[in-house]
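S.K.: Starting from these lines, generate the structure:
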Amino acid sequence: MCHEAAQKAGFAVDFRQSNHEGDLIDWVQEAGRNAAGIIINAGGYTHTSVALHDALKAVKIPIIEVHLSDPKTREKFRHHSFIEPVAKKSIVGKGAKGYVLAIEALVA
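M.R.: Predicted structure coming up:
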């Protein structure tokens with residue numbers, strides 16, 4: 001689904017996942033040098049990681065934040081996102097389709 005959406009626009013997708021904050025930061029910095037944009041679902045780091053916020057803020061490519069559910073309808077501590085202020089757009093509550101919508105947002 002994501003590969004097809006990206007291919008239609010002439011892009012490729014590089015999926016990455018880690019439970020380690022440092023890995024995510026390294027990948028953000030790498031993407032800042034090599035990618036056209038970043039689509040990120042930072043999971044729990046959305047609400048806790050100033051370091052990830054700073055890494056995203058430092059790159060000069062568009063960032064789209066994605067969450068399968070809407071964090072603002074969940075526990076109060078999930079209502080704040082450190083990613084949202086540095087993202088061009090946040091897509092929440094659309095399930096897996098949110099990633100396709102994020103690709104489309106980057107292309108636009």
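
S.K.: With just CA atoms, put the helix ranked longest in the chain into CSV.
M.R.: Assignment by DSSP state H gives helix 21-34 as the longest helix of the chain. Provided in CSV are the C-alpha atoms of helix 21-34 (Å, rounded to 0.1, in the frame of the first residue of the first chain):
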residue,chain,number,x,y,z
GLU,A,21,15.6,6.6,20.8
GLY,A,22,19.2,6.9,19.7
ASP,A,23,18.5,4.8,16.6
LEU,A,24,15.6,7.0,15.7
ILE,A,25,17.7,10.1,16.1
ASP,A,26,20.5,8.7,13.9
TRP,A,27,17.9,7.8,11.2
VAL,A,28,16.3,11.3,11.3
GLN,A,29,19.8,12.8,10.8
GLU,A,30,20.5,10.4,8.0
ALA,A,31,17.2,11.2,6.3
GLY,A,32,18.0,14.9,6.6
ARG,A,33,20.9,14.2,4.3
ASN,A,34,19.4,11.6,1.9
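
S.K.: That helix - contacts with which helices or strands?
M.R.: With contacts defined as 3 or more Cβ pairs under 8 Å, 6 or more residues apart in numbering; DSSP states H and E, helix 21-34 has these neighbours: strand 38-40, helix 50-58. The C-beta positions use only the backbone N, C-alpha and C, and glycine is treated the same way.

S.K.: now do 10 Å
M.R.: strand 38-40, helix 50-58, strand 63-67 (3 or more Cβ pairs under 10 Å, 6 or more residues apart in numbering; DSSP states H and E).

S.K.: Would you tell me which of those gets closest to residue 24?
M.R.: Closest to residue 24 of those is helix 50-58 (Cβ to Cβ; 5.9 Å).

S.K.: which residues sit against the closest one?
M.R.: 21-22, 24-29, 31-32, 38, 40, 42, 45-46, 49, 63, 65, 81-87 (Cβ atoms under 10 Å, 6 or more residues apart in numbering).
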